[in-house]
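>>> kindly return the folded structure for what I paste below:
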Amino acid sequence: MFATGSSVFSPEDVIVLRNALDGWCLEKRIDIKSTEAQFAATAAIGLFQSGYNTSEKLLEALREHKGI
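Purely as a prediction, here's the structure:
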């Protein structure tokens, strides 16, 4: 499992996060290893912890996020 702060992510959570990030990167034509993708991943984790707990909801929230 992946831990950040006091949060622990299950393998299923990681799949949700990765699917949303992959979709966002594909739409933006951004390499998953880029700095921009790293910022998006950080935003995705925060959004996930705020209740965007499916790939679809998370991708939609990433699309609307102003900081990335």
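
>>> strands of this structure, residue ranges please.
Assigned by DSSP state E, the strands in the chain fall at 2-4, 7-9.

>>> least confident of the ones you listed, on average?
Of all those, the minimum mean pLDDT falls on strand 2-4 (a mean of 49).

>>> dump the residue contacts of A37.
Neighbouring residues of A37 by CB atoms under 8 Å, 6 or more residues apart in numbering: L21, C25, I30, D31. Quick note: C-beta positions are derived from backbone N, CA and C, even for glycine.

>>> with L59 instead?
L59 neighbours (CB under 8 Å, 6+ apart): N19, A20, G23, W24.

>>> show me the residue at the heart of this protein, geometrically.
Centroid-nearest residue in the chain: A44, 2.9 Å away (criterion: CA atoms, centre = their mean).

>>> that residue is in contact with L58, isn't it?
Yes - assessed by CB atoms under 8 Å, A44 is found in contact with L58 at 6.0 Å.
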